[in-house]
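Asks: Here you go, sequence then predicted model.
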Amino acid sequence: MTRPFDENYWTNRYHEKLTGWDIGFVSPPIKQYLDQISEKSKTILIPGAGNAYEAAYAYEIGFKNIHILDFSRIPIGKFLNRHPEFPSSQAHVEDFFSHQGNYDLILEQTFFCALHPSLRQSYVEKTHSLLKKGGKLAGVLFDYYFPSDGPPFGGDRASYLHYFEKSFEVVTMQPCYNSIPERTGMELFFVVKKIR
Ligand SMILES: C[S@@+](CC[C@H](N)C(=O)[O-])C[C@H]1O[C@@H](n2cnc3c(N)ncnc32)[C@H](O)[C@@H]1O
């Protein structure tokens, strides 16, 4: 199935260095979320991981079962060059919607907003299918509608609840208090749980 904003689109953005989404370090809300998880054996996926600073951080603090996924080979290749200790078997160059796995936790950082809004229901269904029962999807979503056409594609709490509440228990979805300065007031931190 052909989708808007395919692998070529994103790979070109990496080639042309048009990567304004890339903050260059672990996202503070995700860092803080990871810091409070004591069970380091959890199996974690970061889809649309890009340069995957969150994965590098998680691995460094002891989460060895962390997987990164991106359909562009460029950021994944660079990540593996920067982190030769990271198992290449846990770095997937693959379309998210084709990925198979069974995770305790999926982390969201500017992947949802990169997808055309027509894929939001599919994202919710796919994340749900990739999680174990009791597993969680956590991270940040834009609480902002961008003035120009995306990506990024924005939204607000009500528009996200419309999708997530159908499949998940919403543990929290609140204004994010520890966003990077450039995104202050523009993000929601959320955790949703697979209960069935
Ligand atoms: C806006 S970037 C975010 C990258 C990273 N999460 C960050 O915050 O720096 C979106 C990423 O998702 C990837 N991507 C988009 N659609 C995808 C899909 N269907 N399957 C896998 N990766 C995808 C792109 O290649 C790109 O690296």
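Replies: Looks like it came in fine.
Asks: Leaving out sequence neighbours, find the closest residue to H92.
Replies: L69 (4.2 Å; C-beta to C-beta, 6 or more residues apart in numbering). The C-beta positions use only the backbone N, C-alpha and C, and glycine is treated the same way.
Asks: typo on my end, K31
Replies: Excluding its sequence neighbours, the residue lying closest to K31 (C-beta to C-beta, 6+ apart) is Y57, at 6.0 Å.
Asks: I figured the one you found was touching L34, is that so?
Replies: Yes. The criterion here is C-beta atoms under 8 Å, and Y57 meets it with L34 at 6.8 Å.
Asks: The two - which one has more neighbours?
Replies: L34 (22 against 18; other C-beta atoms under 10 Å).
Asks: Partner strands of the lengthiest strand in the chain and their direction?
Replies: With residue count as the measure and DSSP state E as the assignment, the chain has strand 131-142 as its longest strand. Note on strand 131-142: by DSSP bridges, its sheet partners are strand 103-109 (parallel), strand 187-193 (antiparallel).
Asks: The residue nearest to K31 and G134: what is the separation?
Replies: Distance, Y57 to G134, by C-beta to C-beta, to the nearest Å: 24 Å.
Asks: Now do the contacts for the residue nearest to P4 when sequence neighbours are not counted.
Replies: Spatial nearest neighbour of P4, excluding adjacent residues (C-beta to C-beta, 6+ apart): H116 at 4.4 Å. Neighbouring residues of H116 by C-beta atoms under 8 Å, 6 or more residues apart in numbering: 3-5, 150-151, 153.
Asks: Out of those, which sit inside helices?
Replies: Residues of the contacts of H116 located in helices (DSSP state H): none.
Asks: Redo those residues as TSV? Include distance to F97, neighbour count and pLDDT.
Replies: Putting those into TSV (distance: C-beta to C-beta, whole Å; neighbours: other C-beta atoms under 10 Å; pLDDT from 0 to 100) gives the following:
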residue	distance to F97	neighbour count	pLDDT
R3	8	14	71
P4	13	12	80
F5	13	15	93
G150	18	16	87
P151	16	18	96
F153	17	19	97
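Asks: Specify which member of those is nearest to G24.
Replies: P151 (18.9 Å; C-beta to C-beta).
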